[in-house]
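1. this one's sequence-less:
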C-alpha cells in the first residue's frame, strides 16, 4: 500500500491562492499516476487533476486555467497550485496514487486522509 500524506489546506479569500502537497511513501511500489480529487458536503468525490509519470496533466473543466498540478518524481511528491480560488472550490481535497506492486504486478489505488480547503471572505 502506498502511504499518502497531504498538507497545505486552509482558509483563503475569493481570488486568493493555496498550494497543496502530497508526499508518497512507495516502498515496494512504483507509482505511475498521481492526482487530486475533492468532495464537498453532500456531494460525491470528484476529479480535479491528475499527472502521469509519462504524459500530460489532465484537469476538470471547473479548474482549468486556475489550478496547476505538478510532480517531483524524485521526492514522490505531487503539488496542486490553486489560484483564483472561488467559494465553490471549498471542499476536502484528497490525494490519489495509482501504483503497481513491483513484485506481483498488482495495481493499486490509494488515497490520502484529505485536507480541508475553505474559500470565504
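-> Received, thanks. Bear in mind the structure is a predicted one, so any value in this text is a computation, not a measurement. Numbering: from 1, shown residues only.

2. Count residues in the vicinity of the nearest residue to residue 121 once chain neighbours are set aside, would you?
-> Closest residue in space to residue 121, ignoring its immediate chain neighbours: residue 13 at 6.1 Å, by C-beta to C-beta, 6 or more residues apart in numbering. Just so you know, the C-beta spots here come from the backbone N, C-alpha and C atoms, and that holds for glycine as well. Per other C-beta atoms under 10 Å, the neighbour tally for residue 13 reads 11.

3. which residues touch residue 13?
-> Contacts were defined as C-beta atoms under 8 Å, 6 or more residues apart in numbering; by that measure residue 13 touches 85, 119-121.

4. Residue 28 now?
-> By C-beta under 8 Å, 6+ apart, the contact set of residue 28 is 101-103.

5. cutoff 6 Å now
-> Applying C-beta atoms under 6 Å, 6 or more residues apart in numbering to residue 28 gives the contacts residue 102.

6. so what's residue 71 up against?
-> Residue 71 makes contact with 51, 78 under the criterion C-beta under 6 Å, 6+ apart.

7. who does the strand or helix carrying it pair up with?
-> Assigned by DSSP states H and E, residue 71 belongs to strand 67-72. Paired neighbours of strand 67-72 in the sheet (DSSP bridges): strand 77-82 (antiparallel).
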